[in-house]
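> just to be clear, the model below is a prediction. Sequence and coordinates:
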Protein chains: 2
Amino acid sequence: MKYYAAWKEAKALQWKAKVEITLKRAVLDPQGIAVKNSLKALGYEEVDQVRVGKYIELTLEASGRKEAASRVEEMSRRLLSNPVIEDYSYTLQEAGL
Amino acid sequence: MKYYAAWKEAKALQWKAKVEITLKRAVLDPQGIAVKNSLKALGYEEVDQVRVGKYIELTLEASGRKEAASRVEEMSRRLLSNPVIEDYSYTLQEAGL
């Protein structure tokens, strides 16, 4: 058990990040409007607002939550989103070894 | 206060649904592969798997959580996702009146 624990500690941890990317409130979302109109046409009259965004799931190795968060934050800002017109948010969870 | 409570109860409640749509595990995700390669090229060597999906935020009126859930479930199945190749999941939260 001792050896396993040492090995486990030496190994980098696996993290799963779920990144949600949405257009900023002030930016027009034609795809959202199209989806809303389609929903209304199908009889879903109760729908009010629809916004369409991207959802990115990724797994990465990092030695701790803090490191994983800072890397995912950086990736979101640099590549996954366009910070001029988009907002991003993410959640992190441990995915075992 | 009594009148307000009665009025509040009569009004339909506003719900906010966040729907995440992802390709099924068995379906090839070229967009995910492209994002993964771009991340690696930018120096994020720790990234392992990337899957790209859609994220849809919608507000709707429903008299309770159960009704809201069943409507969102139906919308996800009928319009928002393609159940042959995609999975969906959603969360619901009350958005006030």
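Structure's in. What do you need? Numbering: from 1, shown residues only, chains lettered A, B, ... in the order given.
> so the residue sitting nearest the centre point of chain A is in which element?
The centroid of chain A falls nearest to A:Val19 when counting by Cα atoms, centre = their mean (0.6 Å). Per DSSP states H and E: A:Val19 is located in strand A:13-23.
> and the residue nearest to the centre of chain A, what does it touch?
The contact partners of A:Val19, by Cβ atoms under 8 Å, 6 or more residues apart in numbering or on different chains, come to A:55-58, A:72, A:76, A:80, A:88-90. Using the backbone N, CA and C atoms, a C-beta is placed for each residue, glycine as well.
> just the residues you listed: which are in helices?
A:Val72 (DSSP state H).
> counting neighbours, what do you get for the nearest residue to A:Arg65 once chain neighbours are set aside?
Spatial nearest neighbour of A:Arg65, excluding adjacent residues (Cβ to Cβ, 6 or more residues apart in numbering or on different chains): A:Leu92 at 6.3 Å. A:Leu92 sits with 17 neighbouring residues when counted by other Cβ atoms under 10 Å in any protein chain shown.
> again, but for A:Ser76
21.
> can you tell me how far it is from A:Leu13?
Applying Cβ to Cβ, to the nearest Å, the value for A:Ser76 to A:Leu13 is 20 Å.
> what helix or strand does the residue nearest to A:Arg65 sit in?
A:Leu92 belongs to strand A:86-94, assigned by DSSP H and E.
> what residues does stretch A:46-54 touch?
Contacts for stretch A:46-54 (Cβ under 8 Å, 6+ apart): A:20-23, A:29, A:31-33, A:35-36, A:39-40, A:80, A:86, B:12, B:14, B:52-62, B:71, B:75.
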